[in-house]
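J.: please work out how this folds:
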Amino acid sequence: MNKRGHRRTGERGQGLVELAVTTPLLILILAGLVHFGLIMQTQQVITNASRIGARRGTQAGGDAGTIQSAVMNYCQLAGLDTSKVTVQVNIDNTTSQATVTVSYQFTSPVEGTLVAMAAMISRAAGAGTSSLVVPHQLQSTTVMRL
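T.: Numbers count the residues shown, from 1 in each chain. Alright, predicted model coming up:
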């Protein structure tokens, strides 16, 4: 007979086992949310950078050099690694349009950490797999009339 407030003896470690099973899943969900948030933030930065570049192209003296400089300055102020930013500018006077395309190779620190943890676990289990973190190519294009 069980007294009130006492558990049965077969359920002593049940809470600990449940915690051990659910914690990796919760960590994976949290890491996915952070990874997705970082991608969305970076995509917004390069979208704004392409808009600023296209706007600069519509102003007086807006040539390819000033557009690229404006885009790179914005990306640097936003905290992006400018060595991974590429800017393509097309000023078409026949259609009176300035097209600015900004590309960025995004590598998530969360993804790198998860891959390193998976590699460490696979090495501990005896599997000799090696995987590389592939950068995601983010791109944004803006077209404005001159």
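J.: that's a strand at Val87, yeah?
T.: Yes. Applying DSSP: H, G, I helix; E, B strand; the rest coil, one finds Val87 inside a strand.
J.: number of residues surrounding it?
T.: Neighbours of Val87 under the rule other C-beta atoms under 10 Å: 21. Placement of C-beta: from N, CA and C, glycine included.
J.: show the contacting residues for it.
T.: By C-beta atoms under 8 Å, 6 or more residues apart in numbering, Val87 lies in contact with Gly53, Ile67, Gln68, Val71, Met72, Val100, Thr101, Val102, Ser103.
J.: against Gly61, how distant is it?
T.: From Val87 across to Gly61, the span is 17 Å (C-beta to C-beta, to the nearest Å).
J.: any stretches of the protein with poor pLDDT?
T.: 1-11, 122, 124-134 (pLDDT under 70).
J.: what ranges does it have for its strands?
T.: Using DSSP state E, the strands of the chain run over residues 85-92, 97-106, 136-145.
J.: which residues touch the last one?
T.: Here strand 136-145 makes contact (C-beta under 8 Å, 6+ apart) with 39, 42-43, 46-47, 49-51, 53-55, 57-58, 96-108.
J.: what's the residue most central in space within the chain in contact with, if anything?
T.: Central residue of the chain (C-alpha atoms, centre = their mean): Ile39, 2.6 Å from the mean position. Each residue near Ile39 by C-beta under 8 Å, 6+ apart is listed here: Phe106, Ser108, His136, Leu138.
J.: return the distance of it relative to His136.
T.: Noted for Ile39: a distance of 7 Å to His136, by C-beta to C-beta.
J.: ok, Gln88 next?
T.: 18 Å.
J.: off-centre distance for the longest helix along the chain?
T.: Scanning the chain for the longest helix, with DSSP state H as the assignment, gives helix 14-58. The chain centre lies 6 Å from the centre of helix 14-58; the measure is C-alpha atoms, centre = their mean, to the nearest Å.
J.: what does stretch 81-90 give?
T.: 17 Å.
J.: what do you get for stretch 51-67?
T.: Distance of stretch 51-67 from its chain centroid, counting by C-alpha atoms, centre = their mean, is 27 Å.
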